[in-house]
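Participant: Would you be able to build a 3D model of this:
(one chain, ligands or ions: 1)
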Amino acid sequence: MRTVNHIIPTHTVLEGGGFKVRRPVAMGRLMSPFLLLDEMGPADYGPGEAIGAPWHPHRGFETVTYMLAGQMQHEDSAGNKGDLGPGDVQWMTAGRGIIHSEEPHIDFQENGGRMHGFQIWINLPAKHKMMEPRYQEIPAENSPTTEKDGVWVRVVAGECLGLQSSIDTKVRIEYIHAKMDVNSTLEKEIDESLNAMIYVFGGEIIVQNKTVKDGELALLSEGERIVIQSNVSSEFLILAGPELNEPIARHGPFVMNTREEIQQAFFDYQNGTFTN
Ligand code: FE
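Facilitator: Model prediction:
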């Protein structure tokens, strides 16, 4: 049985053009292979107020965006374009290099509304860092969800309550969004070889006698399964992935293995050869 090893609190920081995100206070390496977890909002914007992240590069890892409310629009140097609304997932594998913009949708920009979502950075192992960029978009209607005994889940990646995600990931990832009613229980098997963590963003849950509250990230011990008890209504993400066991060299939007590779990324970006 997996237990809570460590609880990381969150703080609020400004990201992109200045929008608020709630982020665990452990920049750089959360728990392999996860580098960063940003909860965007929830924030209410008036007409013309919404802010995004204008054109910027990424290399060496994946960005996974999952929207709960609001509308984003995405465009990148590989020619991908997409709108992201509630329940939609965008799985972008930057690989050797991608330059993209992540902005509020033009309609959302005009009318305002509530924006809420997640962006998670997942590291790539050395052998995949310079792969061709890959873009997967899973609209809400193709995203498997189910409800059983007061527990609702969406399987963004991996498996839960007998449902399987169609996302193809370079390393094995479990990414589950769950909502639990008062006095419900969720059991999930997680392969022993994977690291696992839970981020709570509504209510609180109990994992083997340890309470994890709203805005806390719980890093879990090794084990074969998690049992989550909820005495109130709660909402959270379960994330799991392998220990990559490789050195991390990171600067801003580049995550490589060595300093030389970071310098190369800057060089390529400045010389316009980044996405070649
Ligand atoms: Fe980005």
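Participant: Low-confidence ranges, the stretch 1-150 of the chain, go.
Facilitator: 27-29 (pLDDT under 70).
Participant: for it, what spans make up the helices?
Facilitator: With helices called from DSSP state H, counting those that start in this stretch, the stretch 1-150 of the chain shows them at 106-111, 126-129.
Participant: Could you export those helices to JSON lines, including columns for distance to residue 247 and mean neighbour count?
Facilitator: Quick note: C-beta positions are derived from backbone N, CA and C, even for glycine. Converted to JSON lines, the helices of the stretch 1-150 of the chain look like this (distance: least, CB to CB, whole Å; neighbours: other CB atoms under 10 Å):
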{"stretch": "helix 106-111", "distance to residue 247": "40", "mean neighbour count": "15"}
{"stretch": "helix 126-129", "distance to residue 247": "9", "mean neighbour count": "16"}
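Participant: Out of those, flag the one nearest residue 211.
Facilitator: Shortest distance between residue 211 and the helices of the stretch 1-150 of the chain, using CB to CB, is found for helix 106-111: 35.7 Å.
Participant: what helices or strands is the closest one leaning on?
Facilitator: Helices and strands touching helix 106-111, by 3 or more CB pairs under 8 Å, 6 or more residues apart in numbering; DSSP states H and E: there are none.
Participant: and it, how far out from the chain's middle?
Facilitator: Taking the mean of its C-alpha atoms, helix 106-111 sits 24 Å from the chain's own mean (CA atoms, centre = their mean, to the nearest Å).
Participant: Output it as CSV, restricted to C-alpha atoms.
Facilitator: Written as CSV, here are the backbone C-alpha positions of helix 106-111 (Å, rounded to 0.1, in the frame of the first residue of the first chain):
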residue,chain,number,x,y,z
ILE,A,106,-10.3,35.2,-29.0
ASP,A,107,-14.0,34.8,-27.9
PHE,A,108,-12.9,34.3,-24.2
GLN,A,109,-10.6,37.3,-24.6
GLU,A,110,-13.6,39.4,-25.7
ASN,A,111,-16.2,38.2,-23.3
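Participant: Phi first, then psi, for residue 209.
Facilitator: Note on residue 209: backbone dihedrals following degrees, to the nearest 10 are phi 70, psi 0.
Participant: Indicate which one of the helices of the stretch 1-150 of the chain is closest to residue 259.
Facilitator: helix 126-129 (14.3 Å).
Participant: Need the contact partners of that closest one.
Facilitator: The contact list for helix 126-129 (CB atoms under 8 Å, 6 or more residues apart in numbering) reads 59-61, 93, 95-96, 170-171, 246, 256-257, 261.
Participant: Just the ones in strands from these, please.
Facilitator: Among those, the residues falling in strands (DSSP state E) are 61, 93, 256.
Participant: if we can go back for a sec, among the contacts of helix 126-129, which one lies nearest to residue 49?
Facilitator: residue 61 (30.4 Å).
Participant: So what's the residue count around the closest one?
Facilitator: 26 (other CB atoms under 10 Å).
Participant: so it makes contact with residue 124?
Facilitator: Yes - Residue 61 lies in contact with residue 124 (CB atoms under 8 Å); the separation is 5.3 Å.
Participant: Nearest to residue 65, out of the helices of the stretch 1-150 of the chain?
Facilitator: helix 106-111 (14.6 Å).
Participant: what comes into contact with the closest one?
Facilitator: Under CB under 8 Å, 6+ apart, the answer for helix 106-111 is 45, 47-48, 50, 70-73, 103, 115.
Participant: Just the strands from the stretch 1-150 of the chain, written as ranges.
Facilitator: 4-15, 19-24, 34-45, 53-58, 61-69, 72-76, 81-84, 89-93, 98-104, 113-123, 134-138, 145-148 (DSSP state E, counting those that start in this stretch).
Participant: In CSV, list these along with distance to residue 198.
Facilitator: Converted to CSV, the strands of the stretch 1-150 of the chain look like this (distance: least, CB to CB, whole Å):
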stretch, distance to residue 198
strand 4-15, 8
strand 19-24, 11
strand 34-45, 11
strand 53-58, 26
strand 61-69, 15
strand 72-76, 25
strand 81-84, 24
strand 89-93, 19
strand 98-104, 26
strand 113-123, 13
strand 134-138, 22
strand 145-148, 18
